[in-house]
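[1] no sequence for this one, just the structure:
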């Protein structure tokens, strides 16, 4: 065991302030307000399709809640790691959205400037989601310094892969099953593999929940569950496609809940429900329907995807996560492989199948009804096949492979950088414990108990 | 005491998966995306009054939060039943919205298809609210299997009553004081009567709150309180009527808070506030103003309704609920009679009075100002009297009677079905206890205490 | 020590009901629904710039969440004062919004009536924020009766100052750094000074947090943080200005987070993060960017403001608050001086500088591009200089002085009124303790522990 220096007094503030200063300099050069004039090819400024500049704002706020409340509280299930879960989540996302906006839009500048629209703020929030997913894989075993470094590198690599998938391959991934969920999960697993701790092979007393920490986690779960339709539809091309994405996600998630509950009860000897499954696997339907959320898969098709996601996610928590830790040396604290990894893969494959069945074209056609009339069918089809935004099974498969590849390689490299012992990582016995990096409130003397009410009856005053 | 078999390992997964499979089959036949073409008489598709297909989406999300966070956390006040409160709430609502969408729209199909608009998703969420209200009456004393059966039957009966009230009687109930709140409450009370447990006559040690469980419940209370204006206005006919419904609900709720706090302090010997009252009675103003939310009752009229609701709800908790349990054999865990039952009746009666005073017509007239000019007053009045959507005191009274009648009869029948000892209900001593149906985290050895921090000082590392 | 009579059984209900009755009478005379016809000079009815009557509704709900969840839960950090924090927050805000709507609009009546638009509901919510800020300064040391009196007086004085700042001085304060944050903070500090308790000089055992109370507080922090862009943009003049206000607030808050975390780690010997700083100082960027949120300061300018706010706020908590208590006799429970006071001053000064640099005009010009073409530059500039809504450094400075002046004088007078020993204030030893004014749940017998699970293993049933 190396001698760790967990005191962050210099390392952390210096790194955080340098990053923030760098961002301010870059923003002063590159970032300006949106003036409503369409300035890039994908038509997604505030002024696109003649919409109100704030048309996407309610959806932005839903996504914002998912990032900061959803991801933050989902990870508070650990009994002694709630401060870090919510607090470091806030730190990483606040840094990440600033960095993500730069990284994502370096490719889309107009006259050397990035114009900040609500659409781009949503995408900046999205870019942080990858980091928060990977955070789940290494939760409790990393220092804030390591995690800032991970955020810096992961968002950079994510933006590169996103550019490849969307602009070069021209694949479709409206709800980002591949580019965010699968990417974030496999990136995090690769990092976790690099940071493997043999000392935690037999578990850790703080690597578990208590009653109230599980309830805090449910705040995260339910907010993620509720607002997922906004996540999957926010950047769809037209309001009609947004409505389809909302509808598909709404039903996929609802069906996923029943599947996750049923499977959770089925795999436990006494038929009891397991909070880990309920907190996580109920959300897998949102992940898995992401890629084809705006495709014409039908409400029942969305439900089928949701049911499959709920089942494989629950089975993953029960059977796969222990194997990953014992056989592969991947200690995945939150089980992100089960919530984001496998459902992300499922989503990518569903996208391949759906595009093979021409489910994407049908939506585009039906949302532009005049198009089908003006152009003769064969002509439209010709245009469509050569359009860079069309989605084909081959493109979808390439996009899935690209996302997994960038994630595994990028995560491995990032993990190596994070492994350098200078970053203040905690020793094994202090993992999953806020008190390494946080002032934790003193408890009352008597038996270390935190919620003593014993004195109350004494001190009440009466009229 | 019968010998209960609370192991759900087969019963629950089989029931859940059969229900989900049935829904998928029905959806594949009947449910399609909304294409924006108005397809039913009540004009409430996405395309109604030429609105954006996502115009109602922010209100939908507010209602969504009320259903999943609001109802879910409101019931976490019990010290050992938080997993079930939030978790089974999620399960019932996720099943209910899928079932509700089918049941509510079988009457409104176009070419044999149900088109899913945001408006219909809001109504599907609404239909689950009845189940969640009834869930409150039987909270802690039922198994997940029983509750799924209740959801199946209650939503079916609710949809029948809703059809009678809205389509056949042509009554007005925009905020659903009658069709959701009174219905859900009396349905639940009838079920609770059928499931009466003499063994709980003297209370149960787990039928109460602890300090932090009361705080979790306040998350539910406050989210319900804040978003209730969306609940009462979401399906109002025009944006102008929506604004009136928002305004009335906003003021009714605000006034209700002062009345509930005042009454709570007044009925306790030492003038202290009671969390049960604050968590619940502060919301009664939203229930009671529901039926006439879109009527011209004036902001001060809304406040009067809110004050009355806050007072009777608090008095109900203090004086009526204990009597219900001891005299009538109705053990109403959450006191839904006080939050939804009596305020729902009050709302129904307020609607009768308001329509008798022509408060509904005035809104319709003022929101269609040209109408009053083009038609001469007597002529308009004539048209109005024969219009199927007009609201008369007689219609309102019939709607109230119908809702109570369907609720009591439907609840009694449902309760009989739920009473069959096969469904895994808990024995008396295990009521109000998550550990029957959930894996509950192991606590630390020392005195069963859950939040011990004793080890922390030992294991801190220094730089 | 005077003999306090904390029994509120008569005082509190009588005061609450009289206030509510008074409000109902005033509303019946003065308040009517909005009919969409523009009726006052500032053009901010629902019908302004031809917008949908519900255009501001999603932002209203964001602000609503900040007021009721944000402020309410932010104050739950105290270990034994959570009921009061969330509960009295709800009471004060519910009363305050009714009173605020009257006070703010007495100056803007049309034909003797106040029309309730969403815009005015947002402002009514805003007016309560001042009281909730001041509540933070006296948290734990006041009775509900005292606090209702404070709400009554503070909102009245706030409305007066707001009228002076906006209508008479014509200053610009879109996000209300001066009129809400600085005003609320210094008002609260003046009240706290008047209510100085020498008995609390050496602290109080309940004036602190426990692990889970700090997590509850983070719910408040994160919701405030997320929705602050809505707070600062809701009443901006045009959608374009709203977008600028959203953008500035988004970036100011993100940058503020990194600065607050860095500073928190830097000022603690072992480099650990302090929850008090994280819960509060991360929000200072939202306060400080308020006044110039709709000005053309550039995203990087907003970041600079956010970084400064995060640093001074954290330093204030560490170094200033203890001095305020020991030297000035100002016991500021929540440290509102650090979150609202100093950042509010910073915001006011940033507004002076930004208007001196003509950052406000540039926005108005660019959002009315035709104006700059039709009028010749010098002519427009002439019009602009004499326009009552233009913002000059002098006007801004006068507005800042007015806000601080009204706050200190008004707070001192209000504090004197609250000092009268009749209002049921708690004796020193019962400060920071819910059980004086609330029924607090009985804990289990064994060692006063609240979350005992010891009995659970005994009572589980098996199939």
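    On my side now, so go ahead. Treat the numbers as computed from the prediction; the structure is a model and nothing was measured.
[2] So which residue is dead centre in chain A?
    Nearest to the mean C-alpha position of chain A, by CA atoms, centre = their mean, lies residue A:129 at 3.5 Å.
[3] how close does that residue sit to chain C?
    15 Å (CB to the nearest CB, to the nearest Å). In short, each C-beta sits where N, CA and C put it, glycine included.
[4] Tell me which residues touch the nearest residue to that residue once chain neighbours are set aside, please.
    Leaving aside its sequence neighbours, residue A:129 sits nearest to residue A:180 (CB to CB, 6 or more residues apart in numbering or on different chains; 5.2 Å). By CB atoms under 8 Å, 6 or more residues apart in numbering or on different chains, residue A:180 lies in contact with A:126, A:129, A:130, A:133, A:158, A:290, A:344.
[5] which is the next helix or strand following the host helix or strand of the fourth one?
    Translated: residue A:133. Assigned by DSSP states H and E, residue A:133 falls within helix A:118-138. Per DSSP H and E, the first helix or strand lying C-terminal to helix A:118-138 is helix A:144-163.
[6] buried ones in that following helix?
    A:144-159, A:161-163 (16 or more other CB atoms under 10 Å in any protein chain shown).
[7] what inclination does it have with respect to helix A:118-138?
    Angle, helix A:144-163 to helix A:118-138, by axes from the mean of the first three to the mean of the last three CA atoms, to 10 degrees: 130 degrees.
[8] Please name every helix or strand in contact with helix A:144-163.
    helix A:11-30, helix A:82-105, helix A:118-138, helix A:183-194, helix A:393-419 (3 or more CB pairs under 8 Å, 6 or more residues apart in numbering or on different chains; DSSP states H and E).
[9] so can I have JSON lines of those helices showing mean pLDDT?
    Listed next are the helices and strands packed on helix A:144-163 as JSON lines, based on pLDDT from 0 to 100:
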{"stretch": "helix A:11-30", "mean pLDDT": "97"}
{"stretch": "helix A:82-105", "mean pLDDT": "98"}
{"stretch": "helix A:118-138", "mean pLDDT": "98"}
{"stretch": "helix A:183-194", "mean pLDDT": "98"}
{"stretch": "helix A:393-419", "mean pLDDT": "97"}
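[10] Most tightly packed of those?
    helix A:183-194 (a mean of 28; mean count of other CB atoms under 10 Å in any protein chain shown).
[11] what angle do it and helix A:393-419 make?
    40 degrees.
[12] State the mean pLDDT of whichever helix or strand comes after helix A:183-194.
    Using DSSP H and E, the helix or strand that directly follows helix A:183-194 along the chain is helix A:211-233. Averaging pLDDT along helix A:211-233 yields 98.
[13] repeat for stretch A:429-442
    So the average pLDDT for stretch A:429-442 ends up being 94.
[14] Are it and chain C in contact anywhere?
    Yes: using CB under 8 Å from any CB of the partner chain, stretch A:429-442 reaches chain C at A:436, A:437, A:438, A:439, A:440, A:441, A:442.
[15] Residue A:321 contacts residue A:333, doesn't it?
    No: Residue A:321 lies out of contact with residue A:333 (CB atoms under 8 Å); the separation is 9.6 Å.
[16] sorry, back to before: packing partners of the helix holding residue A:133?
    Against helix A:118-138 (3+ CB pairs under 8 Å, 6+ apart) you get helix A:57-65, helix A:71-74, helix A:82-105, helix A:144-163, helix A:183-194, helix A:336, helix C:239-266.
[17] quick check: angle from the longest one to helix A:144-163?
    Yep, that's helix C:239-266 we're talking about. Using the same axes, to 10 degrees: helix C:239-266 against helix A:144-163 is 150 degrees.
[18] right, and the helix or strand after helix C:239-266?
    strand C:273-274.
[19] Is there contact, residue-wise, from that following strand to chain B?
    No: against chain B, strand C:273-274 shows no contacts by CB under 8 Å from any CB, the least distance being 14.2 Å.
[20] So what are the sheet partners of that strand and their directions?
    Each strand paired with strand C:273-274, and its direction, by DSSP bridges: strand A:438-439 (parallel).
[21] And the contacts of the partner strand?
    Outside strand A:438-439, the residues touching it (CB under 8 Å, 6+ apart) are A:83, A:84, A:87, C:268, C:272, C:273, C:274, C:275.
[22] go on, stretch A:304-323?
    A:251-260, A:263-264, A:267, A:274, A:276-277, A:280-282, A:284-285, A:287-289, A:292, A:297, A:332, A:335, A:337-339, A:342-343, A:346-347, A:350, B:20, B:24.
[23] go again using 7 Å as the cut-off
    Contact with stretch A:304-323 is made by A:251-253, A:255-256, A:259-260, A:263-264, A:267, A:276-277, A:280-282, A:284-285, A:287-289, A:332, A:335, A:337-339, A:342-343, A:346, A:350, B:20, B:24, as judged by CB atoms under 7 Å, 6 or more residues apart in numbering or on different chains.
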